[in-house]
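In: need a 3D model of the sequence below.
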Amino acid sequence: MIARCLDRLLQDRKRGDFEILVVCNGCSDNTAAVARGFGEAVRVIETETPSKTHALNLGDAAASGFPRLYIDADVVLSPESVRKVAAALDKGPALAAAPRPVDVFLPGTQWAVRAYYRFWGALPYIQEGMIAAGAYGLSRAGRARFQDFPEVIADDGYVRIVQFDPTDKREVVQNFIRSFKAKYNQEPTHINAHAFDQILVVADVIRRGGKDSQSIRDTMATTKDFSGVTGSVEFDKTNQNTKMDTIHYVETLPDLSWKALGWN
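Out: Predicted structure coming up:
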């Protein structure tokens, strides 16, 4: 898998275009040897710790530039795709970018596996977010939103919710920070901020007439332009927030180029 990934990344790549780091996290196969076979264009880091987030942190510590793309070994991206997403992140204001998953490479697999991935790829969970894309990018400002990657199962899901900006000068943000520090004697994290926003949204719904589970759900679906500490909140009829201010979605086309979509 790593050979396919690196082969495509290195096609038409200009010297000094971008740096490629392969972090082998507890690999017992020949992944490191295969990656080293690509020569000086690829830097290989090995760790005995079988943890993806540990590998991400090692790669971050060794990387020198921004934006940064975090790509799974079984994902194929062209150099032009990398340049386009990097340009979008450089231009701003997006802090993170991700492709929508395209066809999964399944040659030689059984029909049950192919059927599973057809179903999986059609799920709204997959189609509507940056979850399970297998690749995402962060701008310098986006990466500055958190310190190390924590020990979580879904690093892409973690990145998706890192929207809290403590330097945001809006009154709702600064009041939240002051109150949190006064009560807990520490700086709030993005997880604290998301929990606070969830409480604020429910409280707003109750103020607007939500009294039981059904009326709360119905009223929540009418929420428009709610300003929380992590950004704006506006729900559609399925109660999905359509205004995640810091995530920019792009679509991966069949030729592996990228097309910017609207803000979500």
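
In: okay, now the unreliable bits of this protein?
Out: 98-107, 120-121, 123-133, 153, 157, 160-163, 237-264 (pLDDT under 70).

In: need the longest helix for it.
Out: helix 190-207 (DSSP state H).

In: residues in contact with stretch 201-219?
Out: Applying C-beta atoms under 8 Å, 6 or more residues apart in numbering, the contact partners of stretch 201-219 are 220, 222-223, 226, 228, 233, 239. From N, CA and C alone the C-beta is placed, and that goes for glycine too.

In: which of the residues you listed fall in strands?
Out: 226, 228, 233 (DSSP state E).

In: which one of these is nearest residue 198?
Out: Here the nearest of the ones in strands among the contacts of stretch 201-219 to residue 198, counting by C-beta to C-beta, is residue 228; it sits at 8.8 Å.

In: would you agree that closest one is in contact with residue 195?
Out: No: with contact defined as C-beta atoms under 8 Å, residue 228 and residue 195 do not form a contacting pair (11.0 Å).

In: neighbour-wise, which of the two wins?
Out: residue 228 (24 against 12; other C-beta atoms under 10 Å).

In: residue contacts, the more buried one?
Out: By C-beta under 8 Å, 6+ apart, the neighbours of residue 228 are 172, 196-197, 200-201.

In: go with 6 Å
Out: 197, 200 (C-beta atoms under 6 Å, 6 or more residues apart in numbering).

In: now the longest helix of the chain: how far from the chain's centre is it?
Out: Relative to its chain's centre, helix 190-207 lies at 22 Å (C-alpha atoms, centre = their mean, to the nearest Å).

In: then it to CSV, C-alphas only?
Out: In CSV, the C-alpha atoms belonging to helix 190-207 read as follows (Å, rounded to 0.1, in the frame of the first residue of the first chain):
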residue,chain,number,x,y,z
HIS,A,190,-11.9,22.8,22.7
ILE,A,191,-13.7,19.8,24.3
ASN,A,192,-14.8,22.1,27.1
ALA,A,193,-15.9,24.7,24.6
HIS,A,194,-18.0,22.2,22.6
ALA,A,195,-19.7,21.0,25.8
PHE,A,196,-20.5,24.6,26.7
ASP,A,197,-21.9,25.3,23.3
GLN,A,198,-24.1,22.2,23.5
ILE,A,199,-25.5,23.4,26.8
LEU,A,200,-26.1,26.9,25.3
VAL,A,201,-27.9,25.5,22.3
VAL,A,202,-30.2,23.4,24.4
ALA,A,203,-30.9,26.3,26.8
ASP,A,204,-31.7,28.5,23.8
VAL,A,205,-34.1,25.9,22.5
ILE,A,206,-35.9,25.6,25.9
ARG,A,207,-36.2,29.4,26.1
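
In: how about the helix or strand where residue 54 lies: buried residues?
Out: For residue 54, the host element (DSSP states H and E) is helix 52-62. Neighbour-count burial for helix 52-62 flags 52-60 (criterion: 16 or more other C-beta atoms under 10 Å).

In: just give me the closest of the residues you listed to residue 40.
Out: Taking the buried residues of helix 52-62 together and measuring to residue 40 by C-beta to C-beta, the closest member is residue 59, at 17.5 Å.

In: I'd like to know how far that closest one sits from residue 71.
Out: According to C-beta to C-beta, to the nearest Å, residue 59 and residue 71 sit 10 Å apart.

In: next one: residue 11
Out: 15 Å.

In: tell me which of those two has more neighbours.
Out: Shown here are residue 11 and residue 71; by other C-beta under 10 Å, residue 71 has more neighbours (19 against 10).
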